[in-house]
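Participant: okay, predicted coordinates and the sequence, questions at the end:
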Amino acid sequence: MISLQLTRWLIGYVRFSVLGGNPERFYSLSAHSGAVLWNISACSKSGACVAARRYRSLRSCARRTGCRLRVRGRHGLPFLLRRTRGKEGLLAGAALFFAIVCLLSLRIWCIQITGNSSVPASRIAAELRSAGLSPGTPKRDVDPRLLAQRIMLKIPEIRWMSINTQGCTVQVAVQEKTAQPEVKKSGGICNIKASATGQIVSMKVYSGTALIHKGDAVAEGQLLVSAVVEDKAGGSTLRHASAEIIAQTSRTLTVSVALDRHRTVTTGRTAVRRNFDLFGVKIPITLQTRPRGTYRRSCEQCSFQLFGTVLPFGIYTEHWEEIRDEKYRLSKQQALKAAEKEIRRQAAIRLPGAKIISSQPSPKWEKNSLLFTANLVCEENIAKESEISIK
Amino acid sequence: MVDLRKSGNFFDQPEWNVPMHIELYGNRKAVVEGCCGVLEYDDDVIRIRTRAQPVRFTGHGLAIRCLTVDALVVEGYITCIDFSG
């Protein structure tokens, strides 16, 4: 039914009224003359529809039946085109529109990246760009399999990648690798020795023979748990000793904090430049030029979406902030705070898992720096495996 | 071998020689093939001439949806089809 209506609209049709005479005879004669009539109405509102090019031939039928015809409406494409006669710009615009649509449909405009969690989408997009896939790339230049292989080689965190083209959109489906757990080597024979000097607070021996007791003082390198295990019969076997020995230790950490420093401060002068990003081409929509001087730039891309599909246009905003370099000197309090912060950072790196019981700071002020020494009392696991090589 | 032209069985199929063919879609639509003209047209009555005899459609809200040289589509609430003319 829709195709019939569309065909009638394309060829154009006329709605006319039949006045006076014998309408029934007029319809019969018209049909016999080869005209196809539709939507024929009866009584006083007698009328019908006929193809536009057939209307002229109905006049003789009307004359023979004593009827008069009156056009009530002209519909369809030929009449629409007749209205645009003399307005060549409209036709040129329509032709240009179709030409642009055809040309644009030959290129890739949207790239959707899905399935990534630890690898940022921007990194994948950058690699795709360097491999030759970016908005505006001709579709014929895109080889999805080759691209996927290249990207997987460049980003080892990706286990599997699939690139699918759908119209002007490229969907990049990514699956990341699962980190391989570290395999602990426990096959060899080893003793447990002290990694630091201290006093034993608690101990858990999982394998081996303990040679120390809770409360004992031990020196660095001292044997704590032996790999030799004696059985009831007097025989001995060698094992992989394993234990957790928590001891109270004292550690000394020293950091140096420079008092004279540089920092970047904003002067308060800012500039905002907005661009309309259309198919990767940035069209300025503000009159602001690129500011001269020392500025810090931050960019923001706002893309439009339609039913979850990123459209190939959006607003690209650049925020420019004027900055200047400033020299300043830390006050004593600030320097001490900075030193304490640095000590905490160093402790977290050098003594992982250690619990700091107390800290005795000793600051030493020099001309341009602070030498900060902290004597820490910690509780830490001092068990260190020491492998025995047997030939 | 049977000569279809001589026996007259092939071209003289009864379906090929019927003067008219009416197809009904419930009581809402009738497609008439072999129609020769419209004799009477009203909201309640449509009378048409076929090659065999006149046919009268009676009902209400009747309308000729389409009319060609030998076919016609009647739509509306058809209550009666009369072949006596």
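Facilitator: Looks like it came in fine.
Participant: and stretch A:219-231, how far out from the chain middle?
Facilitator: 54 Å (Cα atoms, centre = their mean, to the nearest Å).
Participant: for it, what is the average pLDDT?
Facilitator: Mean pLDDT, stretch A:219-231: 89.
Participant: same thing with stretch A:334-342?
Facilitator: Stretch A:334-342 comes out at a mean pLDDT of 90.
Participant: also stretch A:118-138?
Facilitator: The model assigns stretch A:118-138 a mean pLDDT of 89.
Participant: using CSV, list the CA coordinates for it.
Facilitator: The C-alpha trace of stretch A:118-138 is given here as CSV (Å, rounded to 0.1, in the frame of the first residue of the first chain):
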residue,chain,number,x,y,z
SER,A,118,43.1,-0.5,32.8
VAL,A,119,44.3,0.6,29.4
PRO,A,120,42.9,4.1,28.8
ALA,A,121,40.8,4.7,25.7
SER,A,122,43.0,7.7,24.8
ARG,A,123,46.0,5.5,24.6
ILE,A,124,44.3,3.0,22.3
ALA,A,125,42.9,5.9,20.2
ALA,A,126,46.5,7.4,19.9
GLU,A,127,47.8,4.0,18.7
LEU,A,128,45.0,3.6,16.3
ARG,A,129,45.8,7.1,14.9
SER,A,130,49.5,6.3,14.5
ALA,A,131,48.5,3.0,12.7
GLY,A,132,46.4,5.0,10.3
LEU,A,133,42.8,5.0,11.7
SER,A,134,41.4,8.3,12.8
PRO,A,135,38.2,10.2,12.0
GLY,A,136,38.2,11.0,8.3
THR,A,137,40.2,8.0,7.1
PRO,A,138,38.8,6.5,3.9
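Participant: can you tell me which residues in the stretch 151-300 of chain A are near chain B?
Facilitator: By Cβ under 8 Å from any Cβ of the partner chain, no residue of the stretch 151-300 of chain A approaches chain B. The C-beta positions use only the backbone N, C-alpha and C, and glycine is treated the same way.
Participant: next structured bit after whichever strand or helix holds B:Arg49?
Facilitator: Using DSSP states H and E, B:Arg49 falls within strand B:45-50. Proceeding N to C from strand B:45-50, the next assigned helix or strand is strand B:54-67, under DSSP H and E.
Participant: tell me the secondary structure for the closest residue to A:Val255 other than its chain neighbours?
Facilitator: Closest residue to A:Val255 apart from its sequence neighbours, by Cβ to Cβ, 6 or more residues apart in numbering or on different chains: A:Glu342 at 4.5 Å. Put simply, A:Glu342 is helix when judged by DSSP: H, G, I helix; E, B strand; the rest coil.
Participant: A:Glu342: what's it in contact with?
Facilitator: A:255, A:257, A:372 (Cβ atoms under 8 Å, 6 or more residues apart in numbering or on different chains).
Participant: residue 24 - how many residues pack around it?
Facilitator: Going with chain A. For A:Glu24, the neighbour count with other Cβ atoms under 10 Å in any protein chain shown is 22.
Participant: actually, chain B is the one I wanted.
Facilitator: By other Cβ under 10 Å, neighbour count at B:Leu24 equals 13.
Participant: before we move on, the earlier item: what's the strand holding B:Arg49 packed up against?
Facilitator: strand B:35-41, strand B:54-67 (3 or more Cβ pairs under 8 Å, 6 or more residues apart in numbering or on different chains; DSSP states H and E).
Participant: mean confidence score for it?
Facilitator: Mean predicted lDDT for strand B:45-50 stands at 92.
Participant: identify the bridge partners of the closest residue to B:Leu67 other than its chain neighbours.
Facilitator: Distances taken as Cβ to Cβ, 6+ apart place A:Leu37 nearest to B:Leu67, at 4.5 Å, with adjacent residues excluded. Beta bridges link A:Leu37 to A:Val50, B:Leu67 when assigned by DSSP bridges.
Participant: A:Leu37 contacts A:Ala51, doesn't it?
Facilitator: No - counting by Cβ atoms under 8 Å, A:Leu37 does not reach A:Ala51; the two are 9.5 Å apart.
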